[in-house]
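K.L.:
all I have is the shape, not the residue letters:
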């Protein structure tokens, strides 16, 4: 009733390729219309998975066993419930295609989670995928540095002293890249502290330094602030010596004129009024549709009609804008029950990451000490952006979360 080692190895390698294609390849690089190379690898992965399952002698017993294990996972249960709410919302969404597409995207994260829990279930496989994540971060860092000097692929400039290119690597937006880097830096740095092998330690160290440099070059104020919060959290849970990093970072920030000017913009009301008005628009939607919401993914599509209805929220040059807050996005689109389910999912993630932080050893201990901090950072970042709904960031985040779930369920045997 078991899958062969050869088939499991093929699936693991296909999953690694899927991860690289989804994270590294440019977000606007498509095979056909909105169909990306990551999407193609996703389909290849699951078609191969299905084909290999069909070759198992007692496939019914195999599937029954796998589904029984998945039913025990609270995170999967929470995500399934949120998916059902998304599907129900399609029926009353003004833009049903958008609602359905976003629900399908979320379903893909659930399927990836199920795959990881069932097939990426030994320490070597989990470590391999974590290393693929580290490699992907390194590749994006190199692209970011090259982008800063060549200006190729730069779409946004920071208006400070003189226009500075805001690097975005292949993520299509500097804020999204900044969020990815703020999520990545802590596991990268913790692996540098863990590793004894000189070559590997040098690689982890270089990767961590490049991540910080790229984070600066995104000129993403929210990501900078999230990074600072992450350092404070690391000082609390790991070592007070991270306070030194905070102090050194502060000195460095004040010594770089362009960074200092960008920091000053935190108190510039003209820089913040647009986001506040967008949040007020989301609150109007919540007030009018508190239980059901306006429909999955429909905030941006309905934004223009709402600012016409409430002209005091209208801003010049802003149309079909995202909510810039994942919590308001979910509440305004899926209503109270969707919001409660979303919050439950977030708390489940944090609870399980704390469990891995306490139970794991060696490599996993260090990586997930860093990623627990990353999760706290992500909670903060999603107050100011829809980061969990940016595919390249979201795919990496959910993969790392479900690898932690696999450690809990398959290695530490905690139900």
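P.N.:
It's in. Here the structure is a predicted model, which is why all the values come from computation and not from measurement.
K.L.:
residue at max distance from the center of this protein?
P.N.:
Ranked by distance from the centre of the chain (C-alpha atoms, centre = their mean), the top residue is residue 57, with 37.9 Å.
K.L.:
quick one: it is in a helix?
P.N.:
No: per DSSP: H, G, I helix; E, B strand; the rest coil, residue 57 lies outside any helix segment and is coil.
K.L.:
and residue 67, how far from residue 191?
P.N.:
35 Å (C-beta to C-beta, to the nearest Å). For the C-beta atoms, the positions are set from N, CA and C on the backbone; glycine is no exception.
K.L.:
okay, the two: which has more neighbours?
P.N.:
The neighbour count for residue 67 versus residue 191, taken as other C-beta atoms under 10 Å, is higher for residue 191 (23 against 11).
K.L.:
list the residues that contact the more buried one.
P.N.:
134, 204, 363, 366-367, 370 (C-beta atoms under 8 Å, 6 or more residues apart in numbering).
K.L.:
and these, which are buried?
P.N.:
134, 204, 363, 366-367, 370 (16 or more other C-beta atoms under 10 Å).
K.L.:
and the next helix or strand past whatever helix or strand residue 101 lives in?
P.N.:
Here residue 101 is covered by helix 96-119, with elements defined by DSSP states H and E. Note on helix 96-119: by DSSP H and E, the next helix or strand toward the C-terminus is helix 123-150.
K.L.:
packing partners of that following helix?
P.N.:
helix 5-24, helix 174-194, helix 198-217, helix 362-381, helix 391-406 (3 or more C-beta pairs under 8 Å, 6 or more residues apart in numbering; DSSP states H and E).
K.L.:
ok now that helix, how far from the chain's centre?
P.N.:
15 Å (C-alpha atoms, centre = their mean, to the nearest Å).
K.L.:
same question for that helix: list its buried residues.
P.N.:
So for helix 123-150, counting by 16+ other C-beta under 10 Å, buried means 125-126, 129-130, 132-138, 140-141, 143-145, 147-148.
K.L.:
next: stretch 111-122.
P.N.:
Buried residues in stretch 111-122 (16+ other C-beta under 10 Å): 112-121.
K.L.:
identify, from the residues you listed, the entry nearest to residue 414.
P.N.:
residue 117 (13.0 Å; C-beta to C-beta).
K.L.:
so residue 164: helix, strand or coil?
P.N.:
strand.
K.L.:
run a quick neighbour tally on the residue nearest to residue 100 when sequence neighbours are not counted.
P.N.:
In space, and not counting its chain neighbours, residue 100 is closest to residue 90: 5.3 Å by C-beta to C-beta, 6 or more residues apart in numbering. Using other C-beta under 10 Å, residue 90 has 20 other residues around it.
K.L.:
now the helix or strand in which residue 327 is found: average pLDDT?
P.N.:
Here residue 327 is covered by helix 326-359, with elements defined by DSSP H and E. Taken as a whole, helix 326-359 has a mean pLDDT of 96.
K.L.:
for the residue nearest to residue 100, give me its contacts.
P.N.:
Here residue 90 is in contact with 96, 99-100, 103, 295-296 (C-beta under 8 Å, 6+ apart).
K.L.:
and those as CSV, adding neighbour count, pLDDT and distance to residue 228?
P.N.:
What follows is those, written out as CSV (neighbours: other C-beta atoms under 10 Å; pLDDT from 0 to 100; distance: C-beta to C-beta, whole Å):
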residue, neighbour count, pLDDT, distance to residue 228
96, 16, 96, 42
99, 26, 96, 37
100, 17, 97, 39
103, 22, 97, 35
295, 27, 96, 36
296, 29, 96, 33
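K.L.:
all set now, cheers.
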